[in-house]
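[1] test case, fold it:
(4 chains, ligands or ions: 4)
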Amino acid sequence: MSERQLKFVEALKEAQDICMAADPAVYIMGLGAPDAASIFGSTKGLAEKYPDRVIDMPVSEAGMTGVALGTALSGMRPVMTHIRLEFAMLAMDQIVNHAAKWHYMFGGQASAPMVIRCVVGRGWGQGPQHSQSLQAWFAHVPGLKVIMPATPYDAKGLLISAIEDDGPVVCLEHRWLYSIHGNVPEGHYRLPMGPATRLREGSDVTIAATSYMTLEAVKAAERLAAEGISAEILDVHTLNPFDASPILESVKKTGRLIAADTGCRNVGFAGEIVARVVEGGLKDLKEAPVRITLPDLPTPTTRALSNYYYPQPDDIVVAARQLMGRPAGERQKIAPEDFLDVPDSSFTGPF
Amino acid sequence: MSERQLKFVEALKEAQDICMAADPAVYIMGLGAPDAASIFGSTKGLAEKYPDRVIDMPVSEAGMTGVALGTALSGMRPVMTHIRLEFAMLAMDQIVNHAAKWHYMFGGQASAPMVIRCVVGRGWGQGPQHSQSLQAWFAHVPGLKVIMPATPYDAKGLLISAIEDDGPVVCLEHRWLYSIHGNVPEGHYRLPMGPATRLREGSDVTIAATSYMTLEAVKAAERLAAEGISAEILDVHTLNPFDASPILESVKKTGRLIAADTGCRNVGFAGEIVARVVEGGLKDLKEAPVRITLPDLPTPTTRALSNYYYPQPDDIVVAARQLMGRPAGERQKIAPEDFLDVPDSSFTGPF
Amino acid sequence: MTAEALKTGATMAEGGQIPPEAARRMLDGILRVRLIEQRIAEVYAKEQLMRCPTHFSIGQEAVAVGVCSQMAKDEKITSAHRSHAHYLAKGGDLKAMVAELYGKATGCANGKGGSMHLIDNNVGFIGAVPIVGATIPIGVGCAYASVLKKDPKLAVIFFGDGAAETGVFHESLAFAVLHKLPVVMVCENNLYSVLSSLDVRQPPGRKLLDLAAAHGALALGGDGNDADEVYRLTAQAFAHARGGDGPVFLEFATYRWLEHCGPLNDEHLGYRPEGELDRWKERDPLKLYADRMVARGLADEAWIDSRTAAIHDEVEAALTFGRESPFPVRSELDTYLYAS
Amino acid sequence: MTAEALKTGATMAEGGQIPPEAARRMLDGILRVRLIEQRIAEVYAKEQLMRCPTHFSIGQEAVAVGVCSQMAKDEKITSAHRSHAHYLAKGGDLKAMVAELYGKATGCANGKGGSMHLIDNNVGFIGAVPIVGATIPIGVGCAYASVLKKDPKLAVIFFGDGAAETGVFHESLAFAVLHKLPVVMVCENNLYSVLSSLDVRQPPGRKLLDLAAAHGALALGGDGNDADEVYRLTAQAFAHARGGDGPVFLEFATYRWLEHCGPLNDEHLGYRPEGELDRWKERDPLKLYADRMVARGLADEAWIDSRTAAIHDEVEAALTFGRESPFPVRSELDTYLYAS
Ligand SMILES: Cc1ncc(C[n+]2csc(CCOP(=O)(O)OP(=O)(O)O)c2C)c(N)n1
Ligand SMILES: Cc1ncc(C[n+]2csc(CCOP(=O)(O)OP(=O)(O)O)c2C)c(N)n1
Ligand SMILES: [Mg+2]
Ligand SMILES: [Mg+2]
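    Ligands and ions are numbered 1, 2, ... in the order given. Next comes the predicted model:
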């Protein structure tokens, strides 16, 4: 396997490029997909390479998703891209009532191979309508597959699996992952949509995390290691169908579970992780599992509040300490004016 | 308290009638709301009584929900009614991006008092697009309140609370509850949107259920009583905000939990019940909690399959036996041709 | 909404006679759909064994037949909740449809769909679903796929006046015009959406034809109970769309005889103005066309009787097939969740 | 889309002179919005402390001012992501807006909203949100409420050419026509939706004015960079809507100078045809109107200079207010989840 480093966003682009080169049925449709900004770079260069297959559209998400579904039923493989998840909200009827159920409700007579990419925004005041992380919704819909890659390797491998899948797949991409680097092999490979991946081995506490929270878990695990707490990290990259067996296995060993998700709490995905572990491994649990999630609030725009809205690695550290029976310890101080609204210093406004 | 018996559907109608009589700002909008079928009778007679305030509409759910929201922001109190939950799917943007967040995202400067009633269909081949029970979605959205009355008393009391609430409330009404009878006092009363209600006292196993599953739990509890198993039933009528404290209290006593919900399993509401109980009462649990839900499948239309799709009281009985360490016992036989697709014999096609 | 009102909205294709062969096929088609639906309605009501919401097209058959009889098998259509006539007119398998209504494994959707979810890929009936408006963009996508594949093929979308109120109708039509797609949208304006008349849903005097024309589509309207008129307007529409000139919106005035959903009459509900149903029944598309065919000397009582008998046998055979077919077995509950 | 093209679409209100008082108010308004936005853009780029997506209206001010200057305080408006000009022209509190951009507790939404979520109930600015199209039905609802309360009041909805592609635009307009609501929909056609030009989104030659007219609305279009033309068409629209004759669709041709979102220029992105921006800058609504006012003898350099200075002070004071205001405290994170 090559040691080539790519950014997450480049991995996404490469996945689409490979699929488009291999199969003329694959095409991209999305507001601004062919433009100079190219969905934060994730479709960069593809319009030049495949001029008829990267298609802009009117601000008509519901209709265009139906159109994409119609093409999918007719042998095409659309990749419908939304630069913010919220814009897909307009298309819920087509995604949930139709695409998700088409194969089943017509007794297998037709299938709807389509990918719906949604960027989950965060930071720089994205606020209440540009930052929702609604994986819980999609994962609750039978017939949809749902992926949330957290590494460049997974981004490419999962997106290829998704585009090559014969049914509808929703791919949720956290904006703050776009510029992280990682090892990405050249050429075609698939990461199957399947069980959670173990990103770090540990023996004291299991952290099952999704998307950007997986990165936060890695940061937390490093701090915990320094304190002598050994955390095992499982990245849940496929939320539907959700195979929790590696998490159960891990908890068998650690007896402690932290479920960390980028979404809200009530009926969120972290709760599903907890429920699966309890159903399958109640006796393994030494302590009550802990959920790390957004609070059940809309996203505030000002960083003076969003600084406290998003969970931090520190929250995971504190939860782990408490699960280990240690004192919570000092919390890292966060000031209202801190610039926690950007993932790194290269990030400037307006986005 | 009077011992007057009303049907669930009559209780819904009475709630609206009382609110409309009391407050000229209350009005009803919905496809067919003023027509002879009057949303299965739930708006019966109201159009005659309040001719300007029961309003039919074009098949434009997204736009009309926005219009309703606009009126709510301008001092009205719309009750937007969908004869099937699926039709509200067209309006998710308005409900979730806007109505739910309006008060918060504008710093409390405005509020959106509106009720969105959705009938959850079942039976007589409602099939994949006329029977989804998506409480998990609405309960996951901060800013929405979500109610699922299971008795006529609650239907009236909760709907009055909802209409009088100053924010958006989603009211999910299971079609198979419409013709059940129960005690409903005359006049105005509210049932606060709050903690689960104890419907039956018991000591061996806690059944926390929503909507129609509460009725199924009652049937199961009667059978269990005959076997010497004492079930306590908690009806979760308010899913957002979800106050699980009565369930935790009950599990403290019984040590056993069955969470029964009318929705699908993965990231469904039953999982949230389990997660809350585990977080707050792990040590109380003698056995792993059991979820009784729909399988993660679209609803099949033919009764030959839907007969096996919907959980039955028998499933609750078997789960309770196993939680008590008893043999599962004989299962009630279900034949493909059985008429399990109607709640009672008064129910005939086409609906 | 009368047929006259529609005519004023756009060019009317006044035409000569429909060729005898095509005309006879239409009469046969209308007769067949009518007899099949009438018989199914009877059985549905009596047996209570076709246990799914079912919307009959009785009174509206001329549109389905006039349009579909001019389509090739590999030209595709979509429909919505009221799709029997479209399915049958397009050549959909009757046995598979009846079995679907009975919820049987031999149904066109293996029982998982029911009346509101018909499909027959063999004849280009790519699907019907009961979310109003939903199949409009899906049908447009079907045409769009053919254009993306550089092999443009006509797609036809059937829907009602209610569906013309949905946002996706406008979004889809605009997109079809933008990409000049070979789409024909067929709106059967039967005056009602469930029990709601047009006046509580659409502005008075506002013409759907004008709206469609303003979107940039060719917009044609006419009498949906006159099969010849349907035929002529459709021919014009198909020439336009197949010729690469972009989408067409066809609106036909017609009328539903039975209740919105279900096999019965519903005059007791009071939503139809006094005498309206009777007036429309006088303009029965079947009788009108049979009379005209007889007058043209293209059909006679004997021919109609023999077709009636043959169709009768066909329906009874389909009903028997449906009744005798096995139910899907329990393990089929979780088949076809995912495609592979 | 040129102003000429729009004119052909509908009746143009050719008119006499705008009364001096109104004209002077407009020039002042345009100047004020321009100077405020320019200064905010400067500060935004330099300080990087107004940390929220911000869409400037520079180049489009004449529409906001021409429309809003004819509205009463209790007549309401909604807007979308690009709402500063509408907010200011309607009389929205400048300090509260600037503080909102800085994310401060004194902001018009207490910092919870940011640039894309402005509100000022005191002047009838009932809200702006960045989901394209969403505030169209909400604005219609606002007018509908007034009708339900039997006290009809004008509501104005501002949106862009992109928003005219949404399904809810059609659903809302049709409903407004159906109920003859006192609504004026103001579409600022600035040729772009983000970086996408009209030709990849809307059929060539298809006029939004025709679409709106086909819906049954009065449809008027004109030059959005000519404040007088905006004024006259608006006056006609308001007379219609306030008079109970139903909704009006107003389309104005105009042009955005800065990047879609953010304070910078964006010609390097290459989506604007060569010279387009320059041509539109030659038709700067501020300069055009200032020149005309000077020519009419209604303004002179001294007046403009003194207004410029006053506005300068006003902005600086607002910036200072915004900078010095406190952030919301942590406990405000969960206030206003539920109303009561
Ligand atoms: C999005 C949506 N809203 C509401 C309904 C309920 N509904 C079922 S059929 C129907 C009538 C539609 O009228 P039309 O399109 O004219 O078709 P027709 O029944 O007259 O053939 C309605 C409103 C639905 N199925 N889907
Ligand atoms: C429903 C939805 N889809 C997509 C977007 C992304 N978006 C933000 S602004 C914008 C442009 C809208 O163009 P227009 O309405 O013409 O307004 P303008 O920016 O030109 O003022 C788009 C597409 C959105 N905010 N909402
Ligand atoms: Mg109709
Ligand atoms: Mg624009």
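[2] every contact and neighbour count from this point should use C-alpha atoms.
    Fine.
[3] what helix or strand is residue C:78 on?
    Residue C:78 belongs to strand C:76-79 when assigned by DSSP states H and E.
[4] contacting residues for the closest residue to residue C:67 other than its chain neighbours?
    Excluding the flanking residues, the one nearest residue C:67 by CA to CA, 6 or more residues apart in numbering or on different chains is residue C:234, at 5.9 Å. Shown in contact with residue C:234 (CA atoms under 8 Å, 6 or more residues apart in numbering or on different chains): C:66, C:67, C:70, C:250.
[5] from those, which is closest to chain A?
    Distance to chain A, by CA to the nearest CA, is smallest for residue C:250 among the contacts of residue C:234, at 19.7 Å.
[6] shouldn't that closest one be in contact with residue C:185?
    Yes: judged on CA atoms under 8 Å, residue C:250 makes contact with residue C:185 at a distance of 6.0 Å.
[7] hang on, the earlier thing: ok, now how distant is the residue nearest to residue C:67 from residue C:198?
    Using CA to CA, to the nearest Å, residue C:234 is found at 25 Å from residue C:198.
[8] try residue A:153
    56 Å.
[9] so which of these two has more stuff around it?
    Of the pair residue A:153 and residue C:198, residue A:153 is the one with more neighbours under other CA atoms under 10 Å in any protein chain shown, namely 23 against 18.
[10] if we can go back for a sec, tell me the phi and psi of the residue nearest to residue C:67?
    The phi/psi pair for residue C:234 (degrees, to the nearest 10) reads phi -60, psi -40.
[11] do the same with residue C:243
    Here the main-chain torsion angles of residue C:243 (degrees, to the nearest 10) amount to phi -80, psi 0.
[12] next one: the one 10 residues further on
    Torsion angles at residue C:253 (phi, psi; degrees, to the nearest 10) stand at phi -80, psi 130.
[13] how far off centre is stretch A:126-143?
    How far stretch A:126-143 lies from its chain's middle: 10 Å, per CA atoms, centre = their mean, to the nearest Å.
[14] list the contacts for residue C:171?
    By CA under 8 Å, 6+ apart, the neighbours of residue C:171 are A:60, A:63, A:64, C:137, D:165, D:166, D:167.
[15] look up how far residue B:82 lies from the third one.
    From residue A:64 across to residue B:82, the span is 24 Å (CA to CA).
[16] let me know how buried the residue in the stretch 201-340 of chain C that ligand 2 sits nearest to is, in neighbour terms.
    Ligand 2 sits closest to residue C:215 of the stretch 201-340 of chain C, with a gap of 18.0 Å, by CA to the nearest ligand atom. Counted with other CA under 10 Å, residues neighbouring residue C:215 total 28.
[17] what does residue A:52 give?
    11.
[18] before we move on, what about residue A:219?
    16.
[19] what's the answer for residue C:295, then?
    Here the count is done by other CA under 10 Å, and residue C:295 has 11 residues near it.
[20] can I assume it sits in a strand?
    No: using DSSP: H, G, I helix; E, B strand; the rest coil, the assignment for residue C:295 is helix, not a strand.
[21] and it, how far from chain B?
    Residue C:295 sits 40 Å away from chain B, going by CA to the nearest CA, to the nearest Å.
[22] mind listing what the closest residue to residue A:103 other than its chain neighbours touches?
    Nearest residue to residue A:103 in three dimensions, chain neighbours excluded: residue A:111, at 4.9 Å (CA to CA, 6+ apart). Residues in contact with residue A:111 (CA under 8 Å, 6+ apart) are A:72, A:73, A:102, A:103, A:166, A:167, C:339.
[23] cool, residue C:57 as well?
    By CA under 8 Å, 6+ apart, the neighbours of residue C:57 are C:37, C:82, C:83, C:84, C:85, C:256, C:257.
[24] surely residue C:64 meets residue C:89?
    Yes: using CA under 8 Å, residue C:64 is in contact with residue C:89, at 6.0 Å.
[25] who's more crowded, those two?
    With neighbours defined as other CA under 10 Å, residue C:64 and residue C:89 compare such that residue C:64 has more, 28 against 24.
[26] any idea how far chain A is from that one?
    Distance from residue C:64 to chain A, by CA to the nearest CA: 21 Å.
[27] okay, that residue and residue C:91: tell me how far apart.
    Residue C:64 is 11 Å from residue C:91, by CA to CA.
[28] can you check residue C:332 too?
    Separation of residue C:332 from residue C:91 (CA to CA) stands at 27 Å.
[29] same deal with residue A:307?
    Residue A:307 sits at a distance of 62 Å from residue C:91 (criterion: CA to CA).
[30] looking at those two, which has the bigger crowd around it?
    Taking other CA under 10 Å, residue A:307 and residue C:91 do not tie; residue A:307 has more neighbours (23 against 18).
[31] what secondary structure does residue C:156 sit in?
    Residue C:156 ends up strand, using three-state DSSP.
[32] hmm, residue C:138 and it touching each other?
    No: if you go by CA under 8 Å, residue C:156 and residue C:138 don't touch, sitting 10.6 Å apart.
[33] now for those two: what residues contact both?
    residue C:78.
[34] what parts of chain C come near chain A?
    C:108-113, C:117-119, C:121, C:134-146, C:148-149, C:167-169, C:171-172, C:175, C:335-340 (CA under 8 Å from any CA of the partner chain).
[35] nothing else from me, thank you.
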